[in-house]
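J.: my questions are about this predicted structure, shown below with the sequence.
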Amino acid sequence: MSGGQPKTSPAAVVRPAAMLIVNPDAEVRHLLEKAIPVYRRSSMSLVFSDDLALVAEQPPPDVVLFNIKTEAQSCFDRLAKVREQWPSTQVIFLSPVDDIHLWAEAIRLGAYDFLPKP
């Protein structure tokens with residue numbers, strides 16, 4: 001047995017969680033500030049963007065949060081682009097409408113969750 005420190009495998013390296021917020025507004029920012037404790041925010045990469053193309057060359061985020069402010073179909077089109085570009089990224093929709101049909105369609109298309117805004 002050799003002495004010294006154990007080697008750390010590359011898989012054991014922890015990187016900050018990365019969250020991409022698409023189509024953000026003040027309400028969503030406020031919600032995130034309340035939902036994510038300060039100690040967690042310091043270990044996260046939060047990116048706010050209206051345009052997926054602007055972040056296309058960045059490393060894949062762990063989570064994409066879509067704030068639905070426009071028609072649902074355009075958000076579902078964006079979901080398809082995210083699933084194609086970053087297959088392991090989880091997608092969550094925030095919607096001002098609690099609609100079971102929108103929820104079912106989002107999940108069917110590959111979203112991780114669909115949450116109504118409070």
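T.: Ah, there it is.
J.: what about Gly110, distance to Asn67?
T.: 18 Å (C-beta to C-beta, to the nearest Å). Using the backbone N, CA and C atoms, a C-beta is placed for each residue, glycine as well.
J.: what of Asp113?
T.: As it turns out, when the distance is counted by C-beta to C-beta, Asp113 lies 14 Å from Asn67.
J.: these two: which has the busier surroundings?
T.: The neighbour count for Asp113 versus Asn67, taken as other C-beta atoms under 10 Å, is higher for Asn67 (23 against 14).
J.: quick check: bridge partners of the more buried one?
T.: On DSSP bridges, the residues paired with Asn67 through beta bridges are Leu94.
J.: from Ala104, how far out is it?
T.: Using C-beta to C-beta, one gets 19 Å for the distance from Asn67 to Ala104.
J.: biggest helix in this structure, by residue count?
T.: Secondary structure assigned by DSSP state H gives helix 72-85 as the longest helix of the chain.
J.: so which elements touch it?
T.: In this structure, helix 72-85 makes packing contacts with strand 63-67, strand 90-95, helix 100-108, judged by 3 or more C-beta pairs under 8 Å, 6 or more residues apart in numbering; DSSP states H and E.
J.: so the shortest one versus strand 90-95, what angle?
T.: The reference is to strand 63-67. Here the directions of strand 63-67 and strand 90-95 differ by 20 degrees (axes from the mean of the first three to the mean of the last three C-alpha atoms, to 10 degrees).
J.: contact partners of strand 63-67?
T.: Outside of strand 63-67, the residues within contact range by C-beta atoms under 8 Å, 6 or more residues apart in numbering are 17-25, 28, 75, 78-79, 82, 86, 89-94, 112.
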